[in-house]
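> Show me the folded form of this:
(4 chains, ligands or ions: 2)
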Protein chains: 2
Amino acid sequence: MTVIFSKKCEYGLQAVLYLAAKEDSEVTSADEISKKLKIPREFVSKILQSLTESGIVNSKKGKSGGFSLAKKPEKIRLIDVVAAIDGLEIFKSCVLGFPQCSPEHPCPLHDKWGVLRTNAYNMLTDETLDMLKDKTLKKVRHISKT
Amino acid sequence: MTVIFSKKCEYGLQAVLYLAAKEDSEVTSADEISKKLKIPREFVSKILQSLTESGIVNSKKGKSGGFSLAKKPEKIRLIDVVAAIDGLEIFKSCVLGFPQCSPEHPCPLHDKWGVLRTNAYNMLTDETLDMLKDKTLKKVRHISKT
DNA sequence: GTTTAATCAGATAATTTAATCTGATTAAGA
DNA sequence: TCTTAATCAGATTAAATTATCTGATTAAAC
Ligand code: SF4
Ligand code: SF4
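Ligands and ions are numbered 1, 2, ... in the order given. Next up, the predicted model:
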């Protein structure tokens, strides 16, 4: 079970964070990402392909090809990645699954959940990839050790 | 796509809130719940069966049977329902899907997400079914109109 | 040019989750 | 007692998500 993002989105975020933690515009193979993050190779490759269409990463074919960020890490917000993969639906839907989420027809948790939802959204909008570089490196290093 | 709970859990919460909004220990058929909340009948029935095992609702067989709350609404917290259906895994797992969520090996969002997660957990622990009665009734009434 | 190592594209498989179906059991009420 | 209307139990189906496979294409390096 995932927390709020789909597996695709989780992997996408991980991969993009990984790319951001490398030197500028360094091309990285799907194979390396897969091994370092322990994500199925073909799966992460597919996800990065879709992020290519969204203009978040670049792909380079052929020998010594791979993926790299399409913009500077400080220009990529977490919400951009989430929007590209899962969409922003969860920030508009009812936690309880009731139809028609809106202030006019609120579900019983409207007041309390609304605040949390906004906080989560703001967090993802505030954070850019560069801000998370050091922490990403630390986490990745720890993953390799296990 | 659901927000954080599975469909099962969403429906379970809706159904239990619906029961709580009725008079004390009134027995309600799966059919009525299904119609009022627009949830597939057999599905909600199955979910309530499992909540019976968890001791949250009672079921009464035979003609004029149905489901009712096993405790007073003020004794049932939302988190109890969530724990019974989805479990508490999401409050222990990494939002980004990284392995081993812990303060010792935090993911890049640890600091910020940790706070939101705790807030969400606390909300579900604070809220009991009785507190949401009025709002539930209002929402249910609006659903029937559509 | 040939080889090699990478992505790309699209089909397919496996798994999980959601929903439905069927027959049995139960108990109220005529 | 008999009929009826409900849950129960478990199998089955359907849909969505996750993961893998295969062949083609591309471009670097020799
Ligand atoms: S609580 Fe209100 S705003 Fe929040 S999801 Fe439910 S209906 Fe929408
Ligand atoms: S942010 Fe830290 S605490 Fe929160 S889920 Fe990720 S690893 Fe766990």
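> Only C-alpha atoms from now on, for both contacts and neighbour counts.
OK.
> the helices in chain A, which residues?
A:7-20, A:30-37, A:41-53, A:78-85, A:110-126, A:133-144 (DSSP state H).
> need the residues of chain A near chain B, please.
Contact residues, chain A versus chain B (C-alpha under 8 Å from any C-alpha of the partner chain): A:1-5, A:7, A:10-11, A:13-14, A:89-91, A:93-99, A:105-109, A:112-113, A:116, A:119-120, A:123, A:132, A:135-136, A:139, A:142-143.
> Turn the buried ones among the residues you listed into a named PyMOL selection, would you?
Only the buried entries of the residues of chain A next to chain B go into this PyMOL selection, using 16 or more other C-alpha atoms under 10 Å in any protein chain shown:
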select buried, chain A and resi 2+3+4+5+10+11+13+14+90+93+94+95+96+97+98+99+105+106+107+108+109+113+116+120+123+132+135+136+139+143
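> out of the residues of chain A next to chain B, which touch DNA strand D?
Counting by C-alpha under 7 Å from any atom of the strand, A:2, A:7 from the residues of chain A next to chain B sit close to DNA strand D.
> So stretch A:58-71, near DNA strand D or not?
Yes. With C-alpha under 7 Å from any atom of the strand as the criterion, DNA strand D is reached by stretch A:58-71 at A:60-65.
> Off-centre distance for that stretch?
18 Å (C-alpha atoms, centre = their mean, to the nearest Å).
> And stretch A:80-91, by the same measure?
Stretch A:80-91 sits 9 Å away from the centroid of its parent chain (C-alpha atoms, centre = their mean).
> got it, and stretch A:66-77?
12 Å.
> For that stretch, give me every contacting residue.
If you take C-alpha atoms under 8 Å, 6 or more residues apart in numbering or on different chains as the criterion, stretch A:66-77 is touched by A:16, A:19-20, A:24-30, A:48, A:55-60, A:124-131.
> One more pass at 7 Å, please.
A:19-20, A:25-30, A:55-60, A:124-130 (C-alpha atoms under 7 Å, 6 or more residues apart in numbering or on different chains).
> now check that stretch, is it near DNA strand C?
Yes. Against DNA strand C, stretch A:66-77 shows contacts by C-alpha under 7 Å from any atom of the strand at A:66-67.
> buried ones in that stretch?
Result for stretch A:66-77 [16+ other C-alpha under 10 Å]: buried residues A:66-70, A:73, A:76-77.
> do stretch A:117-128 as well
Burial within stretch A:117-128, assessed by neighbour count using 16+ other C-alpha under 10 Å, is assigned to A:117, A:120-121, A:123-124, A:127-128.
> Next, format the residues you listed as TSV and append distance to A:Pro40 and pLDDT.
As requested, the buried residues of stretch A:117-128 are exported to TSV (distance: C-alpha to C-alpha, whole Å; pLDDT from 0 to 100):
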residue	distance to A:Pro40	pLDDT
A:Arg117	31	95
A:Ala120	28	97
A:Tyr121	28	97
A:Met123	28	97
A:Leu124	25	97
A:Glu127	26	97
A:Thr128	25	97
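> Could I get the residues of stretch A:58-71 next to DNA strand D in CSV, plus columns for pLDDT, distance to B:Phe43 and neighbour count?
Formatted as CSV, the residues of stretch A:58-71 next to DNA strand D follow (pLDDT from 0 to 100; distance: C-alpha to C-alpha, whole Å; neighbours: other C-alpha atoms under 10 Å in any protein chain shown):
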residue, pLDDT, distance to B:Phe43, neighbour count
A:Lys60, 94, 48, 13
A:Lys61, 94, 48, 10
A:Gly62, 93, 50, 7
A:Lys63, 91, 52, 7
A:Ser64, 90, 52, 9
A:Gly65, 94, 49, 13
